[in-house]
Structures are given as structure tokens and as C-alpha cells.
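Colleague: with the sequence up front, the predicted model follows.
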Amino acid sequence: MSHSDVTSPDAPTDTTAEPVGLDRAEAALVEHYPRLVRLGFLVLPGTLGQQRRVLTAHAIAQRALPRGSSERDTPPALPAQRAGTDAGYAYLRLQVLRAALDAARARRRLPRPPWALPQVLGLRLLPSAGGPQDVALDQRLAELAPAGRAAYALRRVDGLDEQATRRLLAAAGVPDEECTAAVEDAAGLAASVEPADPCFLQARPTDLLRRRRLAKGALFGGAALALLVAGGLTLLPEGWGPDGAAAPSYSRNEAAESALDPQALRRIPADTWQRSARLDFSVWPARGGAVDDTGLLRRALAVWARPGEDVEVTATPGTQTGPAPGPAQLLYAGETGGTSVVLLHDGLRLVRYAERVGADGGHVVLDFARVDGADLVSSAAVVVGRGDGNVRYLLAPWITEVGTVDLLDPSGTTEELAVDEDGVTGALRSASGGSGQQPGQCASFSALAVTPRGVAEPYLMADLGELAPAVLTGGAPGEPHNWTGSADARAQWARMACQLPLVGGAGVRSLNAWHFAEQSLPDGGGTADWVCLRADTWRGTGSRSLAFFMPPAERAAEPASVTASAEDSASCGERQPEVLSGVLWHSPADDWHLVAAASEGVTGIVADGAVSGEGTGRTLTLPAEEGARAVLTARLPSGDELRMLGS
């Protein structure tokens, strides 16, 4: 260290002893680790040899953290010679001094056996070579007693004056007469010579010729493994602690540090998607007016890594909210709807950071959503802004046309939606229930209509209150398709749309509506449709299936009745497409009937309970009383029994 790094002998001192917690000591160790290693290195005797002296100094510093609450671990009232030095550093300095003096006096078995010290296999580590003055100083230090080397180290490393040095030596267990002699010996050394720095090391092979000879007869040669961490060395402990082979909590992690660096963010060129073999979030370019706003990006990354108590964090089920494993991909950074937004992708998750424009405090939002396995359509849009009952999307670069469709109007046309140069849409009314509406109660339901390049018909996507809107498809399980051109499908979605909030908040990737049966109703009731709506999630688990009964209605958007539901079930899915459901229906003749229907392949339906009976085929109608309950089962061609959805 240079003279500019130490304070003058008459600098203010802190003589108040404070209790030291582990967190405070760890913070001090991270900040002052090189100083503590240098202090131990100077106190240790040169007779150890340079390699062992270096390793022992690092081991002493790394073992200085508090392990108990005994008096010996309580820091005394010692001067904190550097401005801002707290009790944490004072405690660690005293522990290093005690351990180094003990090692020098051989009071206990220090240095520890070589296998218990930090190791660099196949290499010998030495301090950087100095000039003649450095060698002379090392020789002078070797002539001093351990206390004399300690006094020199305290004056050299921390710039302590004679009085403060005596007090610290006494606290480390040095007798008074030795303290006086030590301070006098230290004063006689030249202060202009810079001692070797044990944190700046040279590496030399230890057994190069031997390894060369062994390599002639070996199938595979061994490789030396150097583990240099935090400007020091990784300690190989005597035995695994509760964290196993993990590095200490204060060790640096290059991947984690790069994840906090705005300059390290991955920015995909604008034309990459045109040459890519796949189209998903991994080829989205970085867009927005703030992609070069280092301050905004740094805040977003820091909050992602360490969200404070005032940060509102949301995540879809099964989505981890931890920091990125490395530099994330920047999708968007800019202003939308009075909010500064940063949108990131780490290969598995979308992360949205939002703060008020121009704010230096206040409300901050951090949203997470799992989106692994996205494809051309499911990665077509992301919610970039939400507020006042409106939502704005950021579109994929391969979307050629965009608009909105009111699902409650089966005969309605696609309305135009403005898109700016960065791919952000204008505001459209949110259909996620943010305005306080309950499932089944809505005046409109705006779906986003997107047309990817090379696709004839637009796909519809619905906002369910998450970062990624759900793709709406139709058809039998395993055969979902785009249904926007089907009048019958539009009519069925119009009657289900207001019920979609029932499946929101589950990390829904897609919603598939399967028209599995038609049934003639008694008493001139007309024909009813049976539809199974399956919500599949990004994570695979947590899917939900709903059975809808749709008798004739006066209004096109009359909500259908949800007759059954099931969570984490294979029903209505590709693995188990069969479905059975029933409901009590009030006929135009003022009579009650049990009506039930099943998917294709069912040969008969049986009802047991307050209403009993059976019938062949895929539908069943039985007279019933209001409020009656029944258990339904169906027969499959294989002879197996199919239970009612959700039972």
C-alpha cells in the first residue's frame, strides 16, 4: 500500500468497543481481505518459505470470522486508525494478528498441515519478485522477533502510531516489555521500502520434469487446477461444513457479477431472427429508447438480484425469482404509459422491471414468468406495460399484422391497433379482470390478433394477467389449430370468454377449446353444445380443464355454464382426450332434467344417486328434481370406466 492510503498518526480514533455480528465481519473481510493477508504475511517468519508463508497468510485471513461469543472473540476498545473503519475490521485485524503471532511463536500447530491450507495443485505460488531493497527488508524482518514484525506490519499496513501499536499488541497477548522493544525495532526499519504483496502472486510448476516422465507412460496426462478467488485463494477445509464444497459466502462469482453489469447484457442484432433456425424469445432484438441508459439497466439488474422490501415481486407458479445465472438478454428498455420498463430474458424466464419515469424512489415492480420452449406463436407478444385497466404489448419482429378482436362479438371484425417503431402496441382494454370484474361478468373481452410472417390467418392471444398472453386454439386434443375463420368456433368462444379469468394466474401458455359433443334437449329445448376448455401451462404441471354446457341462448355472448373442472388432470388433453360431464337443466316446459354428454368413443352413460338410469351412446337425458345429485360414469369400447370430469 502507498502512503496516501494511511492516515496520519494523529488521526481521530474510535475507542468504543462494539459487538461484531457475522454479517458485519463478513462485509469487513470482503472489503479489507488484501490488507488482512498482508498483515499476516509480514508477521509470519520467513523460515516458513515463501510458498508456505503465502498460503498460511491467506488461511489465517480466511479463518478470522467469528465462531462464537467468548470474551476472546469480543473486540477490545482499540483505535480505528483509518477513517470509516468499523468494529468488524478491528475484530478481524486482531484475530489475524493473534493467529500470526501464535504461528510465529509455535504456540499451536500453525501453519496447519499442507493439505489443510489453500492449494493450487501442480503450481508453486510466490509473491511477485521485488528489487534489492525488498530483499533487504525481508532479511531485516527475519531478524526481528515476532512482536517486532507485528509492530512493523501495523505501522506499515494500517499506519498506526506508536501508542496505538502498543495497545493493539497488548490486546494480542504481547507482554508490555516486548511491546516497547517491538515498537522501537519497527521504528528502525526504512518506511520507504514496499514489502512483497502476498495477494499478487507468481506461479511456477513444482514437478515439471517428473510429470513429463510420468506422461510418457500414461494414457491421459493430469492437468493442474488453479483456484484463485477474490484476490486470494480458495481454502480447502479440513472437512465439509454445512455448505459442502461451496466457496465462502464472501467469495466472488464471475458469472453472478457479470449478471449485474449492464454492459454485459446480450443484445441480439435486429436481423438475427431472419436467419435463425427457430423463432422464439432467444432471437428477439434489443429495442426501446433506453437500451443505452446504463443507470436504468443497472437498477433493473440490481433489483433483480436483490429486490428490497419495497419492491412488488410477482411470479407465475413454478417460476423462480432468483438472480440470473449470467448475463441476460435485453429485449426492451424504454418508456411506456408513464413507466420506465426493462424487459429481460434469461433463457428460461421473462423478467419485467418497472419504475415511474424520472423517479428516484417509490414503487417498483418486478415480474417473472417462465417461457421456456416458446415457439413462433407463443413468443409473438409480451406484456410491456399495464395500468388503468389497459395493457400494452411488445411484439416479436416477425409479426406482420396486428389488431384486436372482441371475443364477445362473434360477428365482429378485427380492429386496427397502432404499433410504434420499437414494436410496442397502443393501449387496449385489459381482459384480465384488473378492473374488478368477476368471472362471467364482462362487457367486452379484447384479444390480441397477431399474424406471423408466412401465416395466412391471425392467431388470437388473451391477456390473463401475466407477462405472456395465452394462445387461443381450437380442435381435438393433439390437433389444436387456428380457429379465427370458423363461425361456430367464434360463437363458442363468445360464450366462454368471460369465464377465462378462472384459469388466470397459473402461468397459462395456451387455451384449447374442444367441441366434444352435441345433444338434443327435451321439451323442444333445441340443441346444446358441449365444449371442454383446457389450459396448459408453461411449466407442464398445473393444467386445468373446464367443461362448458351451451344450450340455445337469446344473446350471442350469454355465458355458458361451467359444469365441471379438474386441475392437474390429463382429461381433454392429448394423453387422455376422453371426457364426461353432466348438468341439471331447466326445460322450457318448466321441468328439470339431468343431461349428460361424453366424447367420441363412449358406448354408454350410467347415472347413480338421486337420479338413476342409463343409456347407450354418448348422451343421456333423465327426468330429475331441482337440486338432485347424481354420479355419472361412462363405458369405453375397451371395457374401462370413464368417470365424470373432476371426480
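Modeller: Structure received.

Colleague: go through the helix ranked longest in the chain and flag the buried ones.
Modeller: Ranked by residue count under DSSP state H, the longest helix found in the chain is helix 22-43. Residues 24-26, 28-29, 31-43 are the ones in helix 22-43 that count as buried (16 or more other C-beta atoms under 10 Å). C-betas here are computed from N, CA, C, even on glycine.

Colleague: and the strand or helix carrying Leu622, which strands flank it?
Modeller: Using DSSP states H and E, Leu622 sits within strand 619-624. Looking at strand 619-624 with DSSP bridges, its partner strands are strand 592-598 (antiparallel).

Colleague: in the stretch 301-450 of the chain, where is pLDDT below threshold?
Modeller: Applying pLDDT under 70 to the stretch 301-450 of the chain flags residues 432-440.

Colleague: can you list the buried residues in the strand holding Leu622?
Modeller: For strand 619-624, burial by neighbour count (16+ other C-beta under 10 Å) applies to Thr619, Leu620, Thr621, Leu622, Ala624.

Colleague: and those residues as a markdown table, adding pLDDT and distance to Trp483?
Modeller: Below are the buried residues of strand 619-624 laid out as a markdown table (pLDDT from 0 to 100; distance: C-beta to C-beta, whole Å):
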| residue | pLDDT | distance to Trp483 |
| --- | --- | --- |
| Thr619 | 97 | 24 |
| Leu620 | 97 | 28 |
| Thr621 | 97 | 29 |
| Leu622 | 97 | 33 |
| Ala624 | 96 | 34 |
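
Colleague: distance to Gly423 for the residues you listed - can I get that in CSV?
Modeller: As requested, those are exported to CSV (distance: C-beta to C-beta, whole Å):
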residue, distance to Gly423
Thr619, 48
Leu620, 52
Thr621, 53
Leu622, 56
Ala624, 55
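
Colleague: so what's Thr603 up against?
Modeller: Thr616, Gly617, Ala634, Arg635, Leu636, Pro637 (C-beta atoms under 8 Å, 6 or more residues apart in numbering).

Colleague: got phi/psi on it?
Modeller: Dihedral pair for Thr603: phi -100, psi -10, per degrees, to the nearest 10.

Colleague: what do you get for Asp158?
Modeller: Torsion angles, degrees, to the nearest 10, at Asp158: phi -110, psi 0.

Colleague: give me the number of residues near it?
Modeller: By other C-beta atoms under 10 Å, 24 other residues sit near Asp158.

Colleague: hang on, the earlier thing: packing partners of the helix or strand following the longest helix of the chain?
Modeller: Following helix 22-43 in sequence order, the next helix or strand is helix 50-62 (DSSP H and E). In terms of contacts (3 or more C-beta pairs under 8 Å, 6 or more residues apart in numbering; DSSP states H and E), helix 50-62 is packed against helix 22-43, helix 87-105, strand 123-127, strand 232-233.

Colleague: pLDDT-wise, which helix or strand of the protein ranks last?
Modeller: Every helix and strand of the chain was ranked by mean pLDDT, DSSP states H and E. The lowest is strand 228-229, at a mean of 35.

Colleague: please name the residues that touch Thr316.
Modeller: Going by C-beta under 8 Å, 6+ apart, Thr316 touches Phe368, Ala369, Arg370, Glu466, Leu467, Gly505, Ala506, Gly507, Trp538, Arg539.

Colleague: quick check on those residues: which are buried?
Modeller: Using 16+ other C-beta under 10 Å as the threshold, Phe368, Ala369, Arg370, Glu466, Leu467, Ala506, Gly507, Trp538, Arg539 are the buried ones among the contacts of Thr316.

Colleague: in TSV, list these along with secondary structure and distance to Val341.
Modeller: Output for the buried ones among the contacts of Thr316, formatted as TSV (DSSP: H, G, I helix; E, B strand; the rest coil; distance: C-beta to C-beta, whole Å):
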residue	secondary structure	distance to Val341
Phe368	strand	14
Ala369	strand	14
Arg370	strand	19
Glu466	coil	16
Leu467	coil	11
Ala506	coil	24
Gly507	coil	21
Trp538	coil	21
Arg539	coil	25
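
Colleague: quick one: low-confidence ranges for the stretch 151-300 of the chain?
Modeller: Short version for the stretch 151-300 of the chain, where the test is pLDDT under 70: 190-253.

Colleague: swap in 80 and give it another go.
Modeller: By pLDDT under 80, the weakly predicted segments of the stretch 151-300 of the chain are 157, 188-257.

Colleague: can you check the stretch 1-150 of the chain too?
Modeller: When residues are selected by pLDDT under 80, those of the stretch 1-150 of the chain lie in 1-24, 27, 31, 46-51, 67-87, 105-139.

Colleague: surely Leu279 meets Thr272?
Modeller: No: using C-beta atoms under 8 Å, Leu279 is not in contact with Thr272; the gap is 10.4 Å.

Colleague: mind checking which of the two has more residues around it?
Modeller: More neighbours surround Leu279 than the other of Leu279 and Thr272, with 21 against 13 (other C-beta under 10 Å).

Colleague: ok, the more buried one - contacts?
Modeller: Shown in contact with Leu279 (C-beta under 8 Å, 6+ apart): Trp273, Asp375, Leu376, Ser379, Ala396, Trp398, Pro452.

Colleague: all strands of the stretch 251-400 of the chain, in order?
Modeller: Taking DSSP state E, counting those that start in this stretch, the strands of the stretch 251-400 of the chain run over residues 311-315, 329-336, 339-345, 349-356, 364-370, 381-387, 390-395, 399-406.

Colleague: mind putting the ones you listed into CSV with distance to Thr527?
Modeller: Compiled in CSV, the strands of the stretch 251-400 of the chain are given as follows (distance: least, C-beta to C-beta, whole Å):
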stretch, distance to Thr527
strand 311-315, 43
strand 329-336, 47
strand 339-345, 47
strand 349-356, 43
strand 364-370, 40
strand 381-387, 37
strand 390-395, 37
strand 399-406, 25
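
Colleague: buried sites along stretch 361-377?
Modeller: Using 16+ other C-beta under 10 Å as the test for burial, stretch 361-377 gives Val364, Val365, Leu366, Asp367, Phe368, Ala369, Arg370, Val371, Ala374, Leu376, Val377.

Colleague: neighbour-wise, give me the winner out of the contacts of Thr603.
Modeller: The most crowded member of these is Ala634, carrying 25 neighbours; neighbours defined as other C-beta under 10 Å.
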